[in-house]
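Asks: got a predicted structure plus its sequence, pasted below:
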Amino acid sequence: MTRRTGHGQRPTKGRPEGSTPDQRLLDTRGPVDWVHTDPWRVMKIQAEFVEGFNDLAELGPAISVFGSARIPADHPAYQLGVEVGAKLADAGFAVITGGGPGAMEAANKGAIEAGGVSVGLGIELPWEAALNGFLTFGLNFRYFFVRKMMFVKYSQGYVVLPGGLGTLDELFEAMTLVQTKKITQFPIVLMGTEYWTGLIDWMRGSMLEDRRIAQSDLDMLTLTDDPQEAVELMVKAREAR
């Protein structure tokens, strides 16, 4: 596979400064403007799905690794990401990330240095964040919801490093899909007990206590600091398929 820059390099002539396609789709105002613009956007969305499906169809077993783009290279979570990426590659998994810096770069770096397949699925943002330099294959997407579909469709599980809103978005979407049985045999590992314990405690003390979730919803999460434990869980799920 070859690295691609994809949609992120499209010219911006005629666009509002700093805007992106999904922003223009969601922010459109006016009673009739959508009649003239949104149907054509459907064609772009369809094309993006087709391109992603086509390019990732033969990827093989893969695990998506999420985490903050703001983690510096000297942070312990960065090294954790490198170890996770390397061990996943050693176990025969392709590593998929959001293709950005920080924790994503760390996982991609670990995978590629271990001789594995390292994939980055980037997103077009106003600041035009580039894909990191540790990829065997990369795609940039216009729309978050198309990109999120690719993470789920082509992954057999998620490893979640410390992160922010985007990381939580991916985590809770996966949990919702498992809870509603839209996906099965899908392990979710939270890496970093110190970072994630507060969230788990809140979910147990508020959501579970108030019966907003069931114990089985919490049981779908594995909390660990050990990359080997995370990878073994992924291998076990792969063998059970």
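Replies: Nice, thanks for sending it over.
Asks: quick one, strands of this structure?
Replies: 62-66, 94-97, 118-123, 137-141, 158-160, 188-191, 221-224 (DSSP state E).
Asks: the shortest one packs against which elements?
Replies: By that I understand strand 158-160. Contacts defined by 3 or more C-beta pairs under 8 Å, 6 or more residues apart in numbering; DSSP states H and E place strand 158-160 against strand 62-66, helix 165-179, strand 188-191. Just so you know, the C-beta spots here come from the backbone N, C-alpha and C atoms, and that holds for glycine as well.
Asks: nearest to Ala230, out of the ones you listed?
Replies: Between Ala230 and the helices and strands packed on strand 158-160, the tightest spacing by C-beta to C-beta is seen for strand 188-191, at 4.3 Å.
Asks: now the angle from the lengthiest helix in the chain to strand 62-66?
Replies: The single longest helix within the chain, with elements called by DSSP state H, is helix 33-56. Calculated by axes from the mean of the first three to the mean of the last three C-alpha atoms, to 10 degrees, helix 33-56 forms an angle of 130 degrees with strand 62-66.
Asks: contact partners of stretch 47-64?
Replies: The contact list for stretch 47-64, computed with C-beta atoms under 8 Å, 6 or more residues apart in numbering, reads 4, 6-7, 88, 92-97, 117, 119, 121, 137, 139, 141-143, 146-147, 149-151, 153-159, 170, 234, 238.
Asks: mean confidence score for that stretch?
Replies: Here stretch 47-64 scores 96 as its mean pLDDT.
Asks: same thing with stretch 135-151?
Replies: 96.
Asks: please save the CA atoms from that stretch in PDB.
Replies: The C-alpha atoms that make up stretch 135-151 are tabulated as PDB, following Å, rounded to 0.1, in the frame of the first residue of the first chain:
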ATOM      1  CA  LEU A 135       2.300   5.600   7.900                       C
ATOM      2  CA  THR A 136       2.300   2.900   5.200                       C
ATOM      3  CA  PHE A 137      -1.100   4.100   4.000                       C
ATOM      4  CA  GLY A 138      -3.100   7.300   4.700                       C
ATOM      5  CA  LEU A 139      -6.400   8.800   3.800                       C
ATOM      6  CA  ASN A 140      -7.900  12.200   4.600                       C
ATOM      7  CA  PHE A 141     -11.600  12.500   5.000                       C
ATOM      8  CA  ARG A 142     -14.000  15.500   4.600                       C
ATOM      9  CA  TYR A 143     -16.700  14.200   7.000                       C
ATOM     10  CA  PHE A 144     -16.300  12.900  10.500                       C
ATOM     11  CA  PHE A 145     -19.200  10.500  10.200                       C
ATOM     12  CA  VAL A 146     -17.600   8.800   7.100                       C
ATOM     13  CA  ARG A 147     -14.300   8.500   8.900                       C
ATOM     14  CA  LYS A 148     -15.900   7.100  12.000                       C
ATOM     15  CA  MET A 149     -17.600   4.400   9.900                       C
ATOM     16  CA  MET A 150     -14.200   3.300   8.600                       C
ATOM     17  CA  PHE A 151     -12.700   3.000  12.100                       C
END
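Asks: show me the contacts for Gln215.
Replies: So Gln215 contacts Leu208 (C-beta under 8 Å, 6+ apart).
Asks: on that earlier part again, would you mind finding the most buried of the helices and strands packed on strand 158-160?
Replies: Of all these, strand 62-66 carries the top mean neighbour count, a mean of 26, counting by mean count of other C-beta atoms under 10 Å.
Asks: how far away is Met150 from Val82?
Replies: 23 Å (C-beta to C-beta, to the nearest Å).
Asks: excluding covalently adjacent residues, which one is nearest to Lys109?
Replies: Counting by C-beta to C-beta, 6 or more residues apart in numbering, Lys109 lies nearest to Phe134, which is 4.3 Å off, once chain neighbours are set aside.
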